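A.B. asks: What follows is a protein structure lacking sequence information:
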């Protein structure tokens, strides 16, 4: 923490640095007030329903049905064959998440370099070029666009082209995470220590050699951390992408919801939670391996 | 970091590489690459969809619809995040265990709060939204609650970590001058953890805008809902207009939040 010194603040502008978060905070409070006001004053906000006994009896009904109340057969989450089917779908979903992060990782590894400021503007390699600057803006634009569009919307677009299944879901997840990982990875490269690369350059290394021995060793561990973190997020999102891409747990979830088979919804939610937990554990194990 | 010149083959990073390559390989095998991967006529519709990028619908009427949907999405995001902070802060304080110095109550409260937070954040907001729509009906409240629950799980967990990770010496100084654990929290931990907490909350706000847009999938008003309507009618020009609005509102919140974060954590 830098201590506040009124004498130097004029020159360094640190007075500004203190007031920016305050102004943003104030702005956020105003935005929050306006938002809540516009929602609550809209009439059909559903806020008053929260204090209505009818709503609550609905809620309890729904929860009861989730746990299989009033069913004339064995609830799905107590039935062995339903479990077997659901676990098979879980494996599909797991495969979707791995393919997704695989696609994103390969694409990022192929394209992160021009998006880093220090590479694009020649601070590392020592030669500036217009091509580098143009590639920088193009790649950053691609990253912004691909991550700006949520996974679900990518999936909705992709199923117009690809047949439903694991692949369109994985592609949609991969595209969104490509933009995210691309931005994060480029920022990692911007923060590296330039000295190894410069030393290599001084010793006559080619651009490729600088990349292999000066840049990659520094950035790969951080890349891996980000990828594992995104994988944990992706596994939570697979179910959502499955709603439209018709792969894995998401499709079954959607069907069971539309047929009011809430006991099956419960089973799928259990599998989903198991998957999330499992992936968190595997990612933690892989992180330990990387250390 | 020490590195032995010749590590065993199945150890650490070599094993990691092997696992990663095998995982991606196995998953690629499990995808059905056979015929029928692309719809009959899929390429044609791809051409139509992506050709429309350059001819977005810009009539004043439609722009008004798009603006209205953007505003709705933004208000849901802001309302959801504020509610998430309100829920996540007390849960985070309990989960950090800073209110008690030791004892069984401390362990029980930490474990149960952390378990609750993990459960809340494990389920994706869209799944929450669907459950809420069935339970309490199709209304803005369903969207706000669906955003607030998983986000409070994420925020609460991080608040707990931030509150735990503050430097310990100032806290010890407060304790020796007779402060209770609550006073240590209020005058020691919170002021020190606040920049990190605020900065992460702003980051979640940025994510919230994105999430609010897709909550529309279950029928809640907003950008995603309009996109779905236009997609169903195969009016791709409108889809891209709405997409640009979506990317714009996300980029603006992204820039705002990273600006705030840069200023907070420096």
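C.D. replies: Sure thing, it's come through. Because the structure is a prediction, the values reported are computed rather than measured.
A.B. asks: what does the stretch 151-291 of chain A have sitting close to chain B?
C.D. replies: A:151-153, A:156-157, A:160-163, A:165-167, A:170, A:224, A:236-237, A:239-240, A:243-244, A:253, A:257, A:269, A:272-273, A:276-277, A:286, A:289-291 (Cβ under 8 Å from any Cβ of the partner chain). Any C-beta I mention is one placed from the backbone N, CA and C, and that applies to glycine too.
A.B. asks: mind checking pLDDT for the residue of the stretch 151-266 of chain B at minimum distance from chain A?
C.D. replies: For the stretch 151-266 of chain B, the nearest residue to chain A under the criterion Cβ to the nearest Cβ is residue B:247, separated by 3.7 Å. If you check residue B:247, the pLDDT there is 86.
A.B. asks: what do you get for the one 4 residues further on?
C.D. replies: You'll see residue B:251 listed with a pLDDT of 85.
A.B. asks: Now the helix or strand harbouring it: buried residues?
C.D. replies: Under DSSP states H and E, the secondary-structure element containing residue B:251 is helix B:236-264. Buried residues in helix B:236-264, counted by 16 or more other Cβ atoms under 10 Å in any protein chain shown: B:236-243, B:245-247, B:249-251, B:253-254, B:256-257, B:260-261, B:263-264.
A.B. asks: got a list of what residue A:228 touches?
C.D. replies: A:283, A:286, A:287 (Cβ atoms under 8 Å, 6 or more residues apart in numbering or on different chains).
A.B. asks: Give the single residue among those residues positioned nearest to chain B.
C.D. replies: Within the contacts of residue A:228, the smallest distance to chain B is 6.1 Å, found for residue A:286 (Cβ to the nearest Cβ).
A.B. asks: Run through the chain and note the low-pLDDT ranges.
C.D. replies: Answering for chain A, as no chain was given. Across chain A, residues meeting the criterion (pLDDT under 70) sit at A:1-18, A:125-127.
A.B. asks: oops, chain B please
C.D. replies: Within chain B, the ranges that satisfy pLDDT under 70 run B:1-11, B:32-37, B:265-266.
A.B. asks: Helices along that one, start to end?
C.D. replies: For chain B, the helices defined by DSSP state H occupy B:12-30, B:42-51, B:60-96, B:104-122, B:125-136, B:140-164, B:168-176, B:181-184, B:190-215, B:223-232, B:236-264.
A.B. asks: I'd like those laid out as TSV, including distance to residue A:130.
C.D. replies: As requested, those are exported to TSV (distance: least, Cβ to Cβ, whole Å):
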stretch	distance to residue A:130
helix B:12-30	37
helix B:42-51	28
helix B:60-96	36
helix B:104-122	46
helix B:125-136	43
helix B:140-164	43
helix B:168-176	52
helix B:181-184	58
helix B:190-215	33
helix B:223-232	37
helix B:236-264	25
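A.B. asks: circling back: could you turn the buried ones of the residues of the stretch 151-291 of chain A next to chain B into a ChimeraX selection?
C.D. replies: Below is the selection syntax for ChimeraX that covers the buried ones among those, with 16+ other Cβ under 10 Å defining burial:
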select /A:151,152,153,156,157,160,161,162,163,165,166,167,170,224,236,237,239,240,243,244,253,257,269,272,276,286,289,290
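A.B. asks: residue ranges of the helices in chain A, please?
C.D. replies: Counting by DSSP H, the helices of chain A are A:6-12, A:14-40, A:53-66, A:80-111, A:117-120, A:130-148, A:151-158, A:166-190, A:195-202, A:207-210, A:216-245, A:248-258, A:262-290.
A.B. asks: Quick check: residue A:284 vs residue A:232, distance?
C.D. replies: Counting by Cβ to Cβ, to the nearest Å, the gap between residue A:284 and residue A:232 amounts to 9 Å.
A.B. asks: These two: who's more crowded?
C.D. replies: Between residue A:284 and residue A:232, counted using other Cβ atoms under 10 Å in any protein chain shown, residue A:232 has the larger neighbour count: 16 against 11.
A.B. asks: mind listing what that one touches?
C.D. replies: Residues counted as contacts of residue A:232 (Cβ under 8 Å, 6+ apart) are A:276, A:279, A:280, A:283.
A.B. asks: so what's the second one closest to, chain neighbours aside?
C.D. replies: Closest residue to residue A:279 in three dimensions, ignoring its sequence neighbours and counting by Cβ to Cβ, 6 or more residues apart in numbering or on different chains: residue A:235, at 4.3 Å.
A.B. asks: That neighbour - how many residues pack around it?
C.D. replies: Per other Cβ under 10 Å, the neighbour tally for residue A:235 reads 28.
A.B. asks: Go ahead and confirm it touches residue A:96.
C.D. replies: No. Residue A:235 sits out of contact with residue A:96 when judged by Cβ atoms under 8 Å, with a separation of 9.0 Å.
A.B. asks: where does the closest residue in space to residue A:129 that isn't next to it in sequence fall, phi/psi-wise?
C.D. replies: Distances taken as Cβ to Cβ, 6+ apart put residue A:122 closest to residue A:129, at 7.0 Å, once the chain neighbours are dropped. Summarising the backbone geometry of residue A:122 under the convention degrees, to the nearest 10, its torsions are phi 80, psi 20.
A.B. asks: and residue A:122, how far is that from chain B?
C.D. replies: According to Cβ to the nearest Cβ, to the nearest Å, residue A:122 and chain B sit 25 Å apart.
A.B. asks: In contact with the nearest residue to residue A:55 once chain neighbours are set aside, which residues?
C.D. replies: Nearest non-adjacent residue to residue A:55, counting by Cβ to Cβ, 6+ apart: residue A:49, 4.7 Å away. Contact criterion Cβ under 8 Å, 6+ apart gives A:55, B:136, B:137, B:139, B:141 as the residues in contact with residue A:49.
A.B. asks: Including distance to residue A:116 and neighbour count, could the residues you listed go into JSON lines?
C.D. replies: Output for the contacts of residue A:49, formatted as JSON lines (distance: Cβ to Cβ, whole Å; neighbours: other Cβ atoms under 10 Å in any protein chain shown):
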{"residue": "A:55", "distance to residue A:116": "52", "neighbour count": "17"}
{"residue": "B:136", "distance to residue A:116": "47", "neighbour count": "20"}
{"residue": "B:137", "distance to residue A:116": "49", "neighbour count": "15"}
{"residue": "B:139", "distance to residue A:116": "46", "neighbour count": "22"}
{"residue": "B:141", "distance to residue A:116": "44", "neighbour count": "24"}
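A.B. asks: Right, I'll call it a day here.
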